[in-house]
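Engineer: Let's see this in three dimensions:
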Amino acid sequence: MAAAMAAMADISRSVGKDPKEIEARKRDPKFKAAYERYHNGGWDYLQDGIGPKPGEFCVALYSKGDVMLRISGPGGSYSGALMTFSGGKITGSKDVRKIRVTLNQSDGSSQTVQAFNYRLPGEAYASIAFAVPTIEAAMAAMEDRQGFEVLVNGQSVAKLDWTGGLAARSRLEQCLAKRKRA
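Structural biologist: Modelled structure (predicted):
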């Protein structure tokens, strides 16, 4: 996660700079791939944490622009899931705190709930995490194309539209299936 955030922060700092400078930096394949991901969006899949067991802490991470959305869980003694937004205009402190947040979705639904707000040491961006009862509930709500907007005190702090949600759900299912076999 920290590496993905650092790459996003690097590209974000480059946006708006001299186009010649950006073109020169795009000669580096890593920068070019990160730059294209920043503008076009894309998914990454991983297992979070240190030494996770098979099928634990499965993550589908979508990033576009300066916003990342991570769907993750369960693992260890935690049986729930999280939907975590990072970047954008989200602010937070090193202490995890609960804040009142509105989540608007592209299907027209809107919910105002308590969410966790924090900024982990060494990470480039702060986060807002929504608790979801189970990873199955999170996956059941995933659509192929979906949009989200997070508001704090009526102000938009993160906005993201994804594509490829059904493929991401399938990858999460594959990761989680390993837990049942282990």
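Engineer: Which phi and psi values does residue 135 adopt?
Structural biologist: For residue 135, the backbone dihedrals (degrees, to the nearest 10) come out as phi -70, psi -30.
Engineer: what about it, neighbour count?
Structural biologist: Neighbour count for residue 135, taken as other CB atoms under 10 Å: 22. Glycine gets a C-beta too; all of them are placed from N, C-alpha and C.
Engineer: check contacts around the residue nearest to it when sequence neighbours are not counted.
Structural biologist: Distance criterion CB to CB, 6 or more residues apart in numbering; nearest residue to residue 135, sequence neighbours excluded, is residue 81 at 4.1 Å. Taking CB atoms under 8 Å, 6 or more residues apart in numbering, we find residue 81 in contact with 71, 72, 73, 74, 131, 132, 133, 134, 135, 137, 138.
Engineer: so where's the protein uncertain?
Structural biologist: For the chain, the stretches with pLDDT under 70 are 1-8, 14-16, 180-182.
Engineer: Centroid-nearest residue for it?
Structural biologist: In the chain, the residue lying closest to the centroid (CA atoms, centre = their mean) is residue 69, at 2.0 Å.
Engineer: Help me confirm that that one is found in a strand?
Structural biologist: Yes: applying DSSP: H, G, I helix; E, B strand; the rest coil, one finds residue 69 inside a strand.
Engineer: That one contacts residue 62, correct?
Structural biologist: Yes: using CB atoms under 8 Å, residue 69 is in contact with residue 62, at 4.9 Å.
Engineer: Between these two, which contacts overlap?
Structural biologist: 160, 162.
Engineer: rewinding a little: which strand residues bridge the residue nearest to residue 135?
Structural biologist: residue 132 (DSSP bridges).
Engineer: again, but for residue 113
Structural biologist: According to DSSP bridges, the residues that bridge with residue 113 are residue 101.
Engineer: Give me the neighbour count for it.
Structural biologist: Residues near residue 113, counting by other CB under 10 Å: 12.
Engineer: Bridged to the residue nearest to the centre of the chain, which residues?
Structural biologist: Assessed by DSSP bridges, residue 69 has beta-bridge partners residue 62, residue 85.
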